[in-house]
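> Provided below for reference: sequence and predicted model.
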Amino acid sequence: MQKEVELRLTADKLNDDYFLEKKIRQILKINSDEQLYYKLLKKSLDARKGRPKFLLRFLTSTTTMPESPLEALNINYQSKHSKSILIIGAGPAGYFAALQCIELGYQPIVVDRGKDVRERRKDLRAIQQLGEVNPNSNYCYGEGGAGTYSDGKLYTRAKKRGKIIKILKILLDHGAPAAIAYDAHPHIGSNKLPGIISNIRETILSNGGEVHFNSQVTDLIIKDKKCLGAIVNNDREYLADETILATGHSARDIYQLLDDRRVKLEAKPFALGVRIEHPQELIDEIQYKQNPREEGLPAASYALTAQVGSIGVFSFCMCPGGLIVPAATSPGEIVVNGMSLSKRNSPFANSGIVTALSNDELINQGFDGVFGNLNFQKSVEQSLFQQGDGSMKAPAQNLIDFVTGQDMIEVNSSSYIPGVYRAPLHALLPEFVYQRLKAGLAAFAHKMKGFYTNEANVIAVESRTSAPIKIPRENDSCEHPEIKSLYPCGEGAGFAGGILSAAMDGQRVVKAIHVKSI
């Protein structure tokens, strides 16, 4: 008989197998001479009061090693294909759509404007070290999408889109660390994700799918309100029975292409703000009440929210033990994002601190129409670039100066490799954005004692939180409401926000295609 058991353990006991088994036996009232098998199902950390403790949930048995629901899941791929599906974009939405295709017996043809994960690294180095932005290969574009080199967090609240367990199973099958199966906030790390993504590509190829890099979609083939495929690099046609558009939140040229072809688009609210970087030791001390943190505890993180009037200010993509990276997709703009390696052992902690921006609010600022939100986003990125010396150096300000509206305190050292320079961000950001961030940070200072400190930097601009445009689709069929056989998908279409939700959306779209085909 199987039974679940919960334990609360301090970090020093976490890997003590003798102690674990003894505690489980005590709870189950099993003698030491009886057989006992157990498997970890869930692991989380509670640091709210006193010494931090890990909460562990085990599945136990006295007869045989128990099998978790994730392990019991079998995914079978097929090499026989009944129809072809063109997938534009090799991010999580595109690749998981491709895997769902071969599972259901369809041939996926994936095209991506960028390079494979190995070749992509060269362009990332060029951004970091030389300030050179390749508009088709950068931190946002290329195999694996924006998530590949921005941390690999596997957490979402969007569980209605599908079963997270299947996404985790696929990642495990392709080389992800075992911990993602039980960690409450699973994380892979930008050093390990590329290998996993390469393995997923091999699964697609070995089951009859196709993956084409350096293949930028320059037009869609639309006839009689039906999408028949796409034209790549201005000269090559890819025809398919169905076309999935999974191009990510930064593919601005795709939005323009769709608008030129009179494909319906909608302005979409998004969030914009800054990155705040603290010493990781300080965040550990605030959260754990320890300095240094005891061995076995992970780099501490935080999640903060505040209401300023009726509008939210919140932390976004918090990266404990992380780095800030340049996420521009075109020359002439400054964009920053955060990432962590698997060990999360950087001496810095960073997080986006952003505020929600509504359509009506941006219309009042003079940014109206379908492209109004996107144009506002671009204007902030470009204006901040123009303040600098033409490189990827990012404008930064001491946190206290930012909140008080001064420019007196030197900025601190930073993980941002291109470098930062001191700038009056309180005057450079749009006034209404700054005022809301200022009020939100004041609220955070009360919620998290020690957060408000001159040891922290504010670095701008965190603007690619989500797509500022939505490509609409029908709820059930997932087709565009006006163009048949065209399926908007993932973050770029406005239906996801992060690796897990994008992957689930890719699966959902293919399942909708399958239902239509039956």
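Perfect, thanks for sending it. Numbers count the residues shown, from 1 in each chain.

> ok, Val354 touching Met318?
No. Counting by CB atoms under 8 Å, Val354 stays clear of Met318, with 11.6 Å between them. Every C-beta, even on glycine, is put in place using the N, C-alpha and C of the backbone.

> quick one: which of those two has more around it?
More crowded of Val354 and Met318, by other CB atoms under 10 Å: Val354, with 27 against 21.

> the more buried one falls within a strand, correct?
Yes. Counting by DSSP: H, G, I helix; E, B strand; the rest coil, Val354 is located in a strand.

> sketch out the low-pLDDT regions of this structure for me.
For the chain, applying pLDDT under 70 flags the ranges 151-152, 156-162.

> figure out how far the lengthiest helix in it is from the centre of its chain.
Longest helix of the chain, by residue count under DSSP state H: helix 499-517. Averaged C-alpha coordinates place helix 499-517 at 18 Å from its chain's average position (CA atoms, centre = their mean, to the nearest Å).

> could you pull up the residues touching Ile286?
300, 302, 448-451 (CB atoms under 8 Å, 6 or more residues apart in numbering).

> count of neighbours near His446?
10.

> which SSE is it in?
helix 431-447 (DSSP states H and E).

> CA atoms only: put that helix into CSV for me.
Only the C-alpha atoms of helix 431-447 are listed here, as CSV (Å, rounded to 0.1, in the frame of the first residue of the first chain):
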residue,chain,number,x,y,z
GLU,A,431,7.4,60.6,-15.8
PHE,A,432,4.2,58.5,-15.2
VAL,A,433,6.2,55.3,-15.2
TYR,A,434,8.8,56.7,-12.8
GLN,A,435,6.3,58.0,-10.4
ARG,A,436,4.6,54.6,-10.2
LEU,A,437,7.9,52.7,-9.8
LYS,A,438,8.9,55.2,-7.1
ALA,A,439,5.6,54.6,-5.1
GLY,A,440,5.9,50.8,-5.6
LEU,A,441,9.5,50.8,-4.3
ALA,A,442,8.5,52.8,-1.3
ALA,A,443,5.9,50.1,-0.5
PHE,A,444,8.5,47.3,-1.1
ALA,A,445,10.8,49.1,1.4
HIS,A,446,8.1,48.5,4.1
LYS,A,447,7.4,44.9,3.1
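
> other SSEs contacting the following helix or strand past it?
As assigned by DSSP H and E, the chain's next helix or strand after helix 431-447 is strand 457-462. Strand 457-462 sits against strand 270-279, strand 336-340, strand 348-357, helix 372-386, strand 394-398, helix 399-404, helix 425-428, with contacts defined as 3 or more CB pairs under 8 Å, 6 or more residues apart in numbering; DSSP states H and E.

> and strand 457-462, which strands flank it?
If you go by DSSP bridges, strand 457-462 pairs up with strand 270-279 (antiparallel), strand 394-398 (antiparallel).

> can you get me a residue count around the nearest residue to Asn191 once chain neighbours are set aside?
Closest residue to Asn191 apart from its sequence neighbours, by CB to CB, 6 or more residues apart in numbering: Leu341 at 4.7 Å. Number of residues near Leu341 (other CB under 10 Å) recorded here: 19.

> contacts only, for Leu341.
189-191, 321, 323.

> any chance of the helices and strands packed on strand 457-462 in CSV, plus distance to Lys484?
As requested, those are exported to CSV (distance: least, CB to CB, whole Å):
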stretch, distance to Lys484
strand 270-279, 28
strand 336-340, 36
strand 348-357, 33
helix 372-386, 26
strand 394-398, 44
helix 399-404, 50
helix 425-428, 46
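
> closest one to Glu455 among those?
Of all these, it is strand 270-279 that lies closest to Glu455, at 5.8 Å by CB to CB.

> buried ones among the contacts of Leu341?
189-190, 321, 323 (16 or more other CB atoms under 10 Å).

> let's have the residues you listed in TSV, adding secondary structure.
Listed next are these as TSV, based on three-state DSSP:
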residue	secondary structure
Gly189	coil
Ser190	coil
Gly321	coil
Leu323	strand
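
> how far is the helix holding His446 from where the chain is centred?
24 Å.

> that helix - contacts with which helices or strands?
On a contact count with 3+ CB pairs under 8 Å, 6+ apart, helix 431-447 meets strand 270-279, strand 305-308, strand 311-319, strand 348-357, helix 399-404, helix 425-428.

> and the closest residue to Pro66 other than its chain neighbours, what does it touch?
Distances taken as CB to CB, 6+ apart place Leu59 nearest to Pro66, at 4.4 Å, with adjacent residues excluded. Leu59 sits next to 2-4, 38-39, 41, 66, 68 when contact means CB under 8 Å, 6+ apart.

> could those go into TSV alongside secondary structure?
Shown next, in TSV, are the contacts of Leu59 (three-state DSSP):
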residue	secondary structure
Gln2	strand
Lys3	strand
Glu4	strand
Tyr38	strand
Lys39	strand
Leu41	strand
Pro66	coil
Ser68	coil
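
> which pair in the residues you listed spans the largest distance?
Spatial extent of these (CB to CB) is set by the pair Lys3 and Ser68 at 14.0 Å.

> can you pull out the helices in the stretch 201-350 of the chain?
252-260, 280-288 (DSSP state H, counting those that start in this stretch).

> from the middle of its chain, how far away would the last one be?
A distance of 24 Å separates the C-alpha centroid of helix 280-288 from that of its chain, computed with CA atoms, centre = their mean.

> which element is Glu103 on?
Per DSSP H and E: Glu103 is located in helix 92-104.

> what residues of that helix count as buried?
92-104.

> could I get these as JSON lines with distance to Thr243?
Output for the buried residues of helix 92-104, formatted as JSON lines (distance: CB to CB, whole Å):
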{"residue": "Pro92", "distance to Thr243": "18"}
{"residue": "Ala93", "distance to Thr243": "13"}
{"residue": "Gly94", "distance to Thr243": "12"}
{"residue": "Tyr95", "distance to Thr243": "16"}
{"residue": "Phe96", "distance to Thr243": "17"}
{"residue": "Ala97", "distance to Thr243": "11"}
{"residue": "Ala98", "distance to Thr243": "13"}
{"residue": "Leu99", "distance to Thr243": "17"}
{"residue": "Gln100", "distance to Thr243": "15"}
{"residue": "Cys101", "distance to Thr243": "12"}
{"residue": "Ile102", "distance to Thr243": "17"}
{"residue": "Glu103", "distance to Thr243": "19"}
{"residue": "Leu104", "distance to Thr243": "16"}
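
> looking at those, which is nearest Ser84?
When the buried residues of helix 92-104 are compared for distance to Ser84 (CB to CB), Cys101 wins out at 9.0 Å.

> measure the closest one to Asn337 for me?
Going from Cys101 to Asn337 by CB to CB, to the nearest Å gives 30 Å.

> and what of Gln386?
With the distance defined as CB to CB, Gln386 ends up 20 Å from Asn337.
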